[in-house]
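Trainee: Fold the following, please.
(chains A, B, C and D)
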Protein chains: 4
Amino acid sequence: MNPVDHSTGQHGRIDFAAVLGQVHEEVAPLVGQGKVASYIPRLADVPANRFGMAAATLDGRLFTIGDADERFSIQSISKVFTLTLALEALGGDLWKRVGREPSGSAFNSLVQLENEKGIPRNPLINAGAHVVADVILSSSRNARDDLLAFVRERADNPDIIMDAEVASSERDAGFRNTALANFIRSFGNLDNPVDRVLDFYFHQCALQMSCADLARAFVYLANRGHCQRSGKPVISAERAKRINALMLTCGTYDAAGEFAFRVGLPAKSGVGGGIVAIVPNVLTLAVWSPALDDKGNSLAGAAALERFSALTGLSIF
Amino acid sequence: MNPVDHSTGQHGRIDFAAVLGQVHEEVAPLVGQGKVASYIPRLADVPANRFGMAAATLDGRLFTIGDADERFSIQSISKVFTLTLALEALGGDLWKRVGREPSGSAFNSLVQLENEKGIPRNPLINAGAHVVADVILSSSRNARDDLLAFVRERADNPDIIMDAEVASSERDAGFRNTALANFIRSFGNLDNPVDRVLDFYFHQCALQMSCADLARAFVYLANRGHCQRSGKPVISAERAKRINALMLTCGTYDAAGEFAFRVGLPAKSGVGGGIVAIVPNVLTLAVWSPALDDKGNSLAGAAALERFSALTGLSIF
Amino acid sequence: MNPVDHSTGQHGRIDFAAVLGQVHEEVAPLVGQGKVASYIPRLADVPANRFGMAAATLDGRLFTIGDADERFSIQSISKVFTLTLALEALGGDLWKRVGREPSGSAFNSLVQLENEKGIPRNPLINAGAHVVADVILSSSRNARDDLLAFVRERADNPDIIMDAEVASSERDAGFRNTALANFIRSFGNLDNPVDRVLDFYFHQCALQMSCADLARAFVYLANRGHCQRSGKPVISAERAKRINALMLTCGTYDAAGEFAFRVGLPAKSGVGGGIVAIVPNVLTLAVWSPALDDKGNSLAGAAALERFSALTGLSIF
Amino acid sequence: MNPVDHSTGQHGRIDFAAVLGQVHEEVAPLVGQGKVASYIPRLADVPANRFGMAAATLDGRLFTIGDADERFSIQSISKVFTLTLALEALGGDLWKRVGREPSGSAFNSLVQLENEKGIPRNPLINAGAHVVADVILSSSRNARDDLLAFVRERADNPDIIMDAEVASSERDAGFRNTALANFIRSFGNLDNPVDRVLDFYFHQCALQMSCADLARAFVYLANRGHCQRSGKPVISAERAKRINALMLTCGTYDAAGEFAFRVGLPAKSGVGGGIVAIVPNVLTLAVWSPALDDKGNSLAGAAALERFSALTGLSIF
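Mentor: Sure thing, here's the model as predicted:
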């Protein structure tokens, strides 16, 4: 298999099925290494030995391997969906309420929030996602249904659901998120009641999707904001580009620099063990393996993305 | 003028001369806005109304506009050259002594250094550049001459010099850098005497180069590590890609997220008002305008890069 | 009037009535300067021009001036009462859950709490008081009634109440305290439900007492832990001494060093404008004036304590 | 032996010789526990099993036990002497350049200095002592000689010296102090060259004194600012009181709260293993034992002061 010839841009030559197979083989020894998230039972119960991966190309092909059709809790990956909706709702004014810089510290840190007077560093950390959730609540009659409809449409799968038990468990264990949301509220940067914001937030995290669902759902970010099936814009090309930039600098907690260095692709991870990555103008990737490294990213998943990039030469750098 | 067609990768169609002309025109009202660095006389004396820009393509063409041939003090842009040399000298072991994460705070902050026990966040902040300088000093008989030779070769210009007066002024005003280097030394992360490290560091910052020089000199980072003229590798493709990733996440002080969001290109700025940016597989850009925004990046320079990206569609996202 | 002769310890010679009169006169121009706490209506409505002061000596005399019999919301002064109760309940084990160091930053900071893994710096900041409240809740069938009974007994005044409206307003506006308590809970350092802890905390802050009440109520801290009336121990002499030490180093938010420097007495302030101070072995002082300085301490109240110390020579230093 | 009767202030009854004997016996098992400072050879070479203690009363008596006449490096205890001199030189204007609040973090932290723009938290941490040294250098023709003369006069011992080898070793190992001083200079809060400030600072730390010397030298702080022998003022009673307040809140690094809680006396410690403590209007204490606890205070020394206070009832609280 030849890596892509960048001078011509002809990615069509790459045999993605073969690449996924090779990636799977190479990372197999890593699957199960790390630690499955254990703060709620539903996450803790997922077997550590799962691994799935999917790639969706702009010409409509889908490649999958392993447990790519098994649904898991997408958790923080949902922040990219809600950011998309909030940008559509509020436009550039969103940036008055949330920043665009890497956080440089743990994903749920209250420190920066205090120094920066309730303006979260970026929309992809928990604090920022609370503000994004608040924006959606203010602009939608039924925020939860609207989000679900958007995600189903993007993934072309009407069966996607939010797992009510996961949402409920998150709430019961969510002291840190409750602290965060109250703290933001104390600075006046939430308009809706803290309970409503948290309820929406815990439900978005409880979306259950497979790698195949996720790879399809994010094609608009690789496709300059357009739906691959209809050709119609989901968001503007400008916004798609900017969401990708945010994913690169802020999408993998405080390991974003390391991730950019190793993988070289915009990506967003979740504690459920999923990671999505975007190769602009080419394809999207979704990978899942529940055991996490010490930064909270899927250990085998990150390795799989790194290998995929190395084998194909696909990287934004 | 049509923006590039990414699906074919045929950037050759873009009339870069025309783009630079349009960018120049559009940012003209911004030139002189902001504040010229004033902590040393040689920088303070540079007229605020200068603006130059250069683009060097992988096929060997050079496009320039405005004061693109006027030399200025490249300051922190030099950190990319020294990082390249230190990586060649030490390989991956460099990452035991310096991190790869965005700093999330002001470029000369001692706070993170204290929290992280003398391991600077990344090689593109001052603290990290001190460690990089220390690595080069340990691996080279005459570090200053070796750096100069490397830069002259990259820029294909034997007349490039280090301005001794700038270096000397930096040293006299360099209390913060002296503090930083002593602090790192207190953690045992410098092998050479603090004075030697600082002397080398202040000399690297005192490199005088024009936009044309810089655009040419950095072509290897757009060209998968290879020299455009000789076709020979300067560094491996892997390292070139990783340096680009570091520039994107860490190259513009604590505005890296914002810069990625607005411009969407790996870049490195200096307080002399210069910024270089890389469009992998296509070209390099160098822009110079001395007046800085409140984050320490050239105000008109950043705007010029943003406009260039918007007009050509060239972006990594 | 002669200041006390320390070499003989004969404080009896001081004419405290005259001193209070002189203090009142001297600080009159300051009364109303500063800013009355405005985050809840009940506090905001208190006229800024109030000033009262009381001194209770170990030999049973009470001296008062101005509005010394007007009740106000004692707010954080209550933390000394609850600390006393928690120490009786848990003994030295309390110090496994809360520290004894000055906070060095704003009284409601979450930063140190994060760095120090949910162990509040000391029991006199909000976070520490939440832990103290939790201890009392775990050791008492009816914590609120027990606290009220204790305070009434100390002040020898059965009419003291908690203002339910103040407690309720605090709760509605208490996003920061809610954040704090959830944050502590996330580290496992609260045993009772967050809502119960906050309910008790807001009620303790809502105690309504006059300067006369407070001066009497705290005599045990000046009297080596003993009740002045009955001669019986309230707490051990050792604990009384240690509570005084905590008041000196931690009792006036992040102005404790300044307060020790200017006034030289263990003290605890509240945002209602009250301050109590202890002169060990001699007397207690309580002062009230609602307008606060920028550190959150009563501006005229702090000045009155400073003048009292200067006029009498009574200081621990 | 009866503890002092505070109601009469008649401390004369206490048999201080017997108390010191008992303290010595009680802390004997602790002597040598902890870790002798090892960053310079001269300190590292001091045997860990030394213990000495001295008490100097206001009526001119001196009580000693153990190695109370052996000289050691007083290190940070010298900061109280220089603070006294700087206050005499600059008066209240000193407080424009240095604060009066506990630092709340490690004694050589650069973090607060950065947050607070080069104004050290208090004069008893290293950064503050640099500013104090700078003030003395600006007001004295020969700062080192003037300090030595002052200390000899206070201790009534013309043989006290500064150990040049200690000063020189400190300088060679003093990367952290060099960092601090350069950092302060970068904010414009040093008037003299960094090298001069550090030279003076390292020499003040190198003062060699015994417990007997120190107990005598600090009597002015227990004696309302007056020399016990001549009866003349060294500083005003007001300043003596305020220096005591600073020692209580800031004198034992980031263990000041703990120290006040356990010992209840204004104190200043040094990494040489010495601690001085003040009982206002009664006496001074000096104790020495080289092995330090994890906060950098003499482990056996702190225990000795705690026992002394418990046995005599002498405490400011």
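
Trainee: Please tell me how far the strand or helix carrying A:A127 is from the chain's geometric centre.
Mentor: Take DSSP states H and E as the rule and A:A127 turns out to sit in helix A:126-139. Relative to the mean C-alpha coordinate of its chain, helix A:126-139 is positioned 16 Å out (C-alpha atoms, centre = their mean, to the nearest Å).

Trainee: for stretch A:78-98, same thing?
Mentor: Stretch A:78-98 sits 15 Å away from the centroid of its parent chain (C-alpha atoms, centre = their mean).

Trainee: got the contact list for the closest residue to A:S78 other than its chain neighbours?
Mentor: Here the nearest residue to A:S78 in space, its sequence neighbours aside, is A:Q204; by C-beta to C-beta, 6 or more residues apart in numbering or on different chains that works out to 4.2 Å. Backbone N, C-alpha and C define where each C-beta goes, glycine included. By C-beta atoms under 8 Å, 6 or more residues apart in numbering or on different chains, the residues touching A:Q204 are A:78-79, A:81-82, A:129, A:133, A:147, A:162.

Trainee: Only whichever of those residues are buried, select them in PyMOL.
Mentor: Buried members of those can be picked out in PyMOL with the line below, counting by 16 or more other C-beta atoms under 10 Å in any protein chain shown:
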select buried, chain A and resi 78+79+81+82+129+133+147+162
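
Trainee: A:G225 is in contact with A:K232, isn't it?
Mentor: No - with contact taken as C-beta atoms under 8 Å, A:G225 and A:K232 are classed as non-touching, separated by 9.8 Å.

Trainee: More neighbours: which of these two?
Mentor: With other C-beta atoms under 10 Å in any protein chain shown as the criterion, A:G225 and A:K232 differ in neighbour count, and A:G225 comes out ahead with 19 against 9.

Trainee: one step back: give me the residues contacting the helix holding A:A127.
Mentor: Outside of helix A:126-139, the residues that reach it under the criterion C-beta under 8 Å, 6+ apart are A:76, A:79, A:82-83, A:85-86, A:89-90, A:94, A:97-99, A:107-108, A:110, A:113, A:120-123, A:143, A:146-147, A:176-177, A:180-181, A:183-184, A:189-192, A:196-198, A:200-201, A:204.

Trainee: In helices only, show me the contacts of A:Q204.
Mentor: Counted as lying in helices by DSSP state H, out of those, are A:78-79, A:81-82, A:129, A:133, A:147.

Trainee: Is it possible to get a markdown table of those that adds pLDDT?
Mentor: Putting the ones in helices among the contacts of A:Q204 into a markdown table (pLDDT from 0 to 100) gives the following:
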| residue | pLDDT |
| --- | --- |
| A:S78 | 98 |
| A:K79 | 98 |
| A:F81 | 98 |
| A:T82 | 98 |
| A:A129 | 97 |
| A:A133 | 98 |
| A:L147 | 98 |
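
Trainee: Then A:L285 would be within a strand, right?
Mentor: Yes - assessed by DSSP: H, G, I helix; E, B strand; the rest coil, A:L285 belongs to a strand.

Trainee: ok, now which ones touch the residue nearest to it when sequence neighbours are not counted?
Mentor: Beyond its immediate neighbours in the sequence, the residue positioned closest to A:L285 (C-beta to C-beta, 6+ apart) is A:A277, lying 4.4 Å away. By C-beta under 8 Å, 6+ apart, A:A277 lies in contact with A:263, A:265-267, A:284-287, A:305.

Trainee: ok, now how distant is the residue of the stretch 101-250 of chain A found nearest chain D from A:G99?
Mentor: As assessed by C-beta to the nearest C-beta, chain D sits closest to A:N115 within the stretch 101-250 of chain A, at 9.2 Å. A:N115 is 12 Å from A:G99, where distance means C-beta to C-beta, to the nearest Å.

Trainee: So which of those two has more stuff around it?
Mentor: The residue with more neighbours, out of A:N115 and A:G99 and counting by other C-beta under 10 Å, is A:G99; that gives 20 against 12.

Trainee: which stretches of chain A have low pLDDT?
Mentor: Counting by pLDDT under 70, chain A contains low-confidence ranges at A:1-12, A:104-109, A:111.

Trainee: Which stretches in it count as strands?
Mentor: With strands called from DSSP state E, chain A shows them at A:35-36, A:52-57, A:62-66, A:72-73, A:161-162, A:207-209, A:267-269, A:274-279, A:283-288, A:291-292.

Trainee: How about the residues of chain A by chain C?
Mentor: Chain A has residues A:109-111, A:114, A:175-176, A:178-183, A:185-186, A:194 near chain C, with proximity defined as C-beta under 8 Å from any C-beta of the partner chain.

Trainee: can we see that at 7 Å?
Mentor: With C-beta under 7 Å from any C-beta of the partner chain as the criterion, chain A meets chain C at residues A:109-111, A:114, A:175-176, A:178-179, A:182-183, A:185-186.
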